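In: Dropping a prediction and its sequence here:
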Amino acid sequence: MSRARAFVVSSIVLLLGRGRRRPPRQAERVLPELPPDPGAETVVLALLFAAALFAAGFIVVYAVDSLPDHTQLLGAALGLSLLCIAAAMIIVAKRLIVTEELVEPYPPEEHPGEQELIVQLVAESGDRITRRRLFKLGLGAAGGTLGLAALAPALSFGPLFQTKYFRGTPWRKGTRLVDESSRPYRASDIEENDFYTAFPEGTSLAAREDLGAPIVLVRLPKSLLKLPPELAGFDAEGIVAYSKICTHAGCAISTYRAPLFQPDEPRPALVCPCHYSTFDPADGGSVTFGPAGRRLPMLPLSIDSKGFLRAKGNFDDEVGPTWWGTRIWRPQP
Amino acid sequence: MKQHASLALTVAVVALSSAQGKQLYGQYCVSCHGANGQGVTHGRTIGGAPQRIQQQQTGVGPSLRGVGALAADFYLRTGYMPLHRVGDQPRRARVLFDDAQIRSLVAYIASLKKGPPIPKPHPERGSLSAGLHLFTDHCAGCHQVVAQGGVVSGALPPPLENATDVQIAEAVRIGPYVMPEFSTKAITDHQLDSIIRYVDWAKHPDNHGGWSIGDIGPVPEGLVTWFLAAALLVAICVVVGKRLRHE
Amino acid sequence: MIRRAVRFVDTRTATTPIVRKTLRYLFPDHWSFLLGEVALYAFLVLVATGIYLTFFFVDSTRDVVYHGPYVPLQGQHMSEAYRSVLNISTTVKAGLLIRQTHHWAANVFTAAIILHLFRVFFTGAYRKPRGLIYAIGVTMLMVTLLEAYVGYSLVDDLLSGMGLVIGYSVGLSLPLVGGNLMSWLFHGPFPGQASFWPRMYVAHVFLFPVLIGSLLTVHLLLVAMRHHTQFRQTTSESEHAARGVPTFPGQAPRSLGLLFGTAGILFLLGGLVQINPIWLWGPYHTYLSTNGAQPDWYLGWLIGGLRLVPSIDVTIGHYTLVPNPFWGGAAFPLVVFGFLYCWPAIERKFTGDYAFHNLLERPRDNPMRTAVGIGMVTWVLLVFIAGSSDRVYVWLNVSYTSQIDVYRVLVFVIPLLAAAIAHRVCEELVAGEKVDEDGHRAEAEARLART
């Protein structure tokens, strides 16, 4: 019974405070003395307890799965708890502690005496060496080559001196074109005003991520087709195939502008949604707008005896974004 | 006997409707789409009219023979047609006609030559995940992966939040303006059901992360970073610190 | 009890004199000095939330089929990395909160660094003897941009995957060495080998954070040893004496308040405002893309650069000396960072001012610096805005192609104009103050004469 009473009394004392504490008996204070601010104190206490409540709320919400908007409640609880502490700290800063404004000198610009000492130390320590230049050369040689040796294993990261891997694509002469479900495309599947994505037959899922694998197919009316001489015969009955990877920065060209009514509307074009490089499928993929500096590589097509679309060879130009050696590439048979 | 009667009645209604449609066609459409819907490629100068800009322009328009009820229904119910100015991209706009007028115009266009009927999609039969996959493959390059709309050089693929199931089905088969035209060979009816189911879902996508700020990614996120978060933090700094004194 | 603790530390570490000096170090009290602290606290939140995320993220591009609770991706092929982030965002309790807080913290961290950079630049705080501190700061900004980019690319979602291949292309476009360098980094052409993802992961969770942390430590130590700069606000401040608030008890609750405030705002954002909802984008495949893809805002200036440059590849015969993405993606940021690094030296050369400076100048007190700074900021901002001209096309129906053509001219004309205007404004503000001063003095004299 008396324990309960003691508990109640001590809680009341805690909450209401014991009045102003007497200053310590030492002669000199370090900090100036300022009066207390019980109002601010109460606000800070309330904020701290509110923070505790919110943090407890976080734990409760975390434990109860079935609450809706879980993420929002968790974020609100934790965020508000932290903000309450922040507010409490700021009020403490402004009202409950002493904010002194002191002045002190900047550290000196230099320490000339110490600098001299160090310079002299280093200079005198080399007194016993007669062939200084050679020593420096020796140290330099040892350190330099050791450094290079330490860096050498970094070459294992990848082929630094081999750029032939940029040339390869999974397409060969006779490779059949298949869709994403590995179903082969017939020429009759390809209709005008639509665009299709195709892969080489026999490639695994991982191999399809190669930049040289995906192509985009469109069928154009023969009257619109104006392929340059070096690409003559690359189409199959008006079906043309281009690399789906933009030569500017490597995004997939997943947009086809297919005008319904030619006289009034923009011409057919393959457009890249990243920086809007626009390629003309009728003339070999030349760039008609946008930053791409190189036209789209074209895959020559043929139709086999059963009506399936096949590649007649490899691309006429290197696929993917451009680098130093892109234009040196010659097409593989 | 009753069947014959109802059939006759239907035919009569359609004929009447079609006649009314022809009248409306003559009023609003013939200057660009030509008599009997044959299309106009060498346009004549046309003047202003209530449904288009008060300016002279050259009227050209595609043939409507064989486009069927499907296309007519789409263009009229979305307000794509009548076009405000020749050469503009047809976009969702004021719907000039009431339901009966639209039906009559549709009947007239359908009567010009046999064409596809108004589709009846069943999105509930489609699969949401197949829909997302198909939409990403065929549509996201223009319409953005959550159907918020996008940009291509020369056109504005619209956001799809106002598109009804029927309108989506119609647009896929028509390929309006510069949109590709997907036949049933390219996208089967069942695949179309899945796509429509996904687009419907995308109108209220899963935003369990909180306020969705547009579902288009980093641009609104940047705006929130600077105009909400940074602004609040600078405000806290100003409260904590002091302003410049002039003594 | 405090006495016992202090005694323990002193007897075990002999650091009491240093602790005393630290506790009484004077902080300048102007609010703009707190911007760097905001960045520091955002960094702490990044590290804390980041550590949590490392326990759930799987850094593997191995193909898996999704069978989790998120319906729209059921049965779809994706990498293990993407699936692990889907898992964090849908299944792990508080996972999405921590993930979103982490991403918001990255955005806010970068914004705070830039605000801090503005304060340092426009007040001349980088002048001797603080050039080293400044250079370390600029380096941290560069590393932060890279770190953040790698961080959100780790998720392997459609948006960030597109960003990764673009980054690869910019790397490829470096004259002469680009192809070799990228082939080395990725282990072959994009998308590289299975080892590439763990490389990005190690860079993001260890190498870059340790680098930033070390640079930050040196940065703060140097600031403390040389002492902060300050504005001259009263007669107490000069090049030789500093006025401020000591760490303890004055500055400590202020800084703590800022720490909890920053953390609080970040967690509130993390719970209430969605960021990077990767489940909506779907997984990345090289043969897929979406319209409306943008990088995070701190790389938005680069997408503007990439979109503005007209279609030119600089070739010599069959060799492509400068592929197109180089100008907007590499040269542009190199020029900007080059300017940031070299500006202190350029300013010294031009003004002949090689002296020590502990006092700051207000922006208006140095019109040339302010004008140059405003010009650079305007340039970067305009390119940044140009990068979102596709959304402007969507909202305001101004043709994208015309916007690009106009911006190509504006990005060079407007910064010069802005610099000229800034210069004039500074001069006028200073002249106005002088007029005020003269006016007050005249009134005081007049009052004296009347008595």
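Out: On my side now, so go ahead. Residues are numbered from 1 along each chain as shown, chains lettered A, B, ... in the order given.
In: gap between B:Arg91 and chain A?
Out: As for B:Arg91, its distance to chain A is 13 Å (criterion: C-beta to the nearest C-beta, to the nearest Å). For the C-beta atoms, the positions are set from N, CA and C on the backbone; glycine is no exception.
In: mind listing what that residue touches?
Out: Taking C-beta atoms under 8 Å, 6 or more residues apart in numbering or on different chains, we find B:Arg91 in contact with B:Tyr80, B:Leu156, B:Pro158.
In: Contact residues of the stretch 301-450 of chain C facing chain B?
Out: Neighbours of chain B within the stretch 301-450 of chain C, by C-beta under 8 Å from any C-beta of the partner chain: C:Arg362, C:Ser388, C:Asp390, C:Arg391, C:Tyr393, C:Val394, C:Asn397, C:Tyr400, C:Thr401.
In: Could you report the pLDDT at the closest residue to A:Val271 other than its chain neighbours?
Out: Excluding the flanking residues, the one nearest A:Val271 by C-beta to C-beta, 6 or more residues apart in numbering or on different chains is A:Thr255, at 4.2 Å. pLDDT, A:Thr255: 95.
In: re earlier: looking at the residues of the stretch 301-450 of chain C next to chain B, which are in helices?
Out: Among these, the members found in helices (DSSP state H) are C:Asp390, C:Arg391, C:Tyr393, C:Val394, C:Tyr400, C:Thr401.
In: In chain B, which residue sits nearest chain A?
Out: As assessed by C-beta to the nearest C-beta, chain A sits closest to B:Gly141 within chain B, at 3.0 Å.
In: Need the three-state assignment for that residue.
Out: Look at B:Gly141: counting by DSSP: H, G, I helix; E, B strand; the rest coil, its state is helix.
In: Relative to chain B, how far out is C:Ala331?
Out: Counting by C-beta to the nearest C-beta - C:Ala331 and chain B are separated by 23 Å.
In: those helices in chain B, which residues are they?
Out: In chain B, the helices defined using DSSP H lie at B:2-28, B:30-33, B:68-77, B:99-112, B:128-138, B:140-143, B:165-174, B:189-203, B:218-224, B:231-240.
In: near chain A at all, the second one?
Out: No. Between helix B:30-33 and chain A, judged by C-beta under 8 Å from any C-beta, nothing touches; the nearest distance is 9.6 Å.
In: what's the distance between that helix and the middle of its chain?
Out: In this view, helix B:30-33 has its centroid 21 Å away from the chain centroid, taken as C-alpha atoms, centre = their mean, to the nearest Å.
In: what's the longest strand in chain B?
Out: strand B:40-46 (DSSP state E).
In: Quick check: which of the helices of chain B has the most neighbours on average?
Out: Most buried of these, by mean neighbour count (mean count of other C-beta atoms under 10 Å in any protein chain shown): helix B:140-143, with a mean of 26.
In: And the pLDDT for B:Gly217?
Out: Per-residue confidence (pLDDT) for B:Gly217: 81.
In: And A:Gly17, by the same measure?
Out: Looking at A:Gly17, its pLDDT reads 61.
In: What of the one 5 residues further on?
Out: Taken from the predicted model, the pLDDT recorded for A:Arg22 is 56.
In: for A:Gly158, same thing?
Out: A:Gly158 is assigned a predicted lDDT (pLDDT) of 88.
In: Who are the contact partners of it?
Out: Residues near A:Gly158 by C-beta under 8 Å, 6+ apart: C:Ser183, C:Trp184, C:Leu185, C:Phe186, C:His187, C:Gly188, C:Gly192, C:Gln193.
In: now chain C, which segments are flagged as low pLDDT?
Out: Within chain C, no stretch has pLDDT under 70.
In: Could you list the domains of chain A?
Out: Listed by automatic domain parsing, the domain ranges of chain A are A:34-99, A:166-328.
In: on that earlier part again, average pLDDT across the longest strand of chain B?
Out: The average pLDDT for strand B:40-46 rounds to 83.
In: Quick check: neighbours of it in the sheet, parallel or antiparallel?
Out: Sheet pairing for strand B:40-46, assigned by DSSP bridges, gives strand B:57-61 (antiparallel).
In: thinking again about what came up before, just the ones in helices from the contacts of A:Gly158, please.
Out: If you go by DSSP H, those have C:Ser183, C:Trp184, C:Leu185, C:Phe186 in helices.
In: would TSV of those residues with neighbour count be doable?
Out: Compiled in TSV, those are given as follows (neighbours: other C-beta atoms under 10 Å in any protein chain shown):
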residue	neighbour count
C:Ser183	26
C:Trp184	19
C:Leu185	17
C:Phe186	22
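In: can you redo the domains of chain A as JSON lines with mean neighbour count?
Out: Below are the domains of chain A laid out as JSON lines (neighbours: other C-beta under 10 Å):
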{"stretch": "domain A:34-99", "mean neighbour count": "17"}
{"stretch": "domain A:166-328", "mean neighbour count": "21"}
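In: Is it possible to get JSON lines of these that adds distance to C:Ala345?
Out: Converted to JSON lines, these look like this (distance: least, C-beta to C-beta, whole Å):
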{"stretch": "domain A:34-99", "distance to C:Ala345": "39"}
{"stretch": "domain A:166-328", "distance to C:Ala345": "32"}
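In: is it true that A:Arg310 lies in a strand?
Out: Yes. Applying three-state DSSP, one finds A:Arg310 inside a strand.
In: So it is in contact with A:Leu301, correct?
Out: Yes. The pair A:Arg310 and A:Leu301 passes the contact test of C-beta atoms under 8 Å, sitting 7.1 Å apart.
In: Is A:Glu104 within a helix or a strand, and which one?
Out: If you go by DSSP states H and E, A:Glu104 is part of strand A:102-105.
In: starting at the chain centroid, how far to that strand?
Out: Averaging C-alpha positions (C-alpha atoms, centre = their mean) puts strand A:102-105 46 Å from its chain's average.
In: So which elements touch it?
Out: Helices and strands touching strand A:102-105, by 3 or more C-beta pairs under 8 Å, 6 or more residues apart in numbering or on different chains; DSSP states H and E, are strand C:26-27, strand C:241-246.
In: Tell me the secondary structure of C:Phe57, please.
Out: coil.
In: Next up, the contacts around it.
Out: Counting by C-beta under 8 Å, 6+ apart, C:Phe57 touches C:Ala81, C:Ser84, C:Val85, C:Ile88, C:Leu154, C:Tyr201.
In: Farthest-apart pair in those, please.
Out: Using C-beta to C-beta, the contacts of C:Phe57 span at most 14.5 Å, a distance reached by C:Ile88 and C:Tyr201.
In: before we move on, back to that, what's the first helix or strand after the strand holding A:Glu104?
Out: helix A:112-125.
In: right, and the helix or strand after that next one?
Out: Downstream of helix A:112-125, the first helix or strand assigned by DSSP H and E is helix A:132-151.
In: Let's test this: mean pLDDT of that following helix, rounded?
Out: 94.
In: next one: stretch A:32-49
Out: Mean predicted confidence for stretch A:32-49 is 92.
In: near chain B at all, that stretch?
Out: No. Stretch A:32-49 lies out of reach of chain B by C-beta under 8 Å from any C-beta, never closer than 14.8 Å.
In: Report whether that stretch contacts chain C.
Out: No. Taking C-beta under 8 Å from any C-beta as the criterion, stretch A:32-49 and chain C are apart, separated by no less than 10.0 Å.
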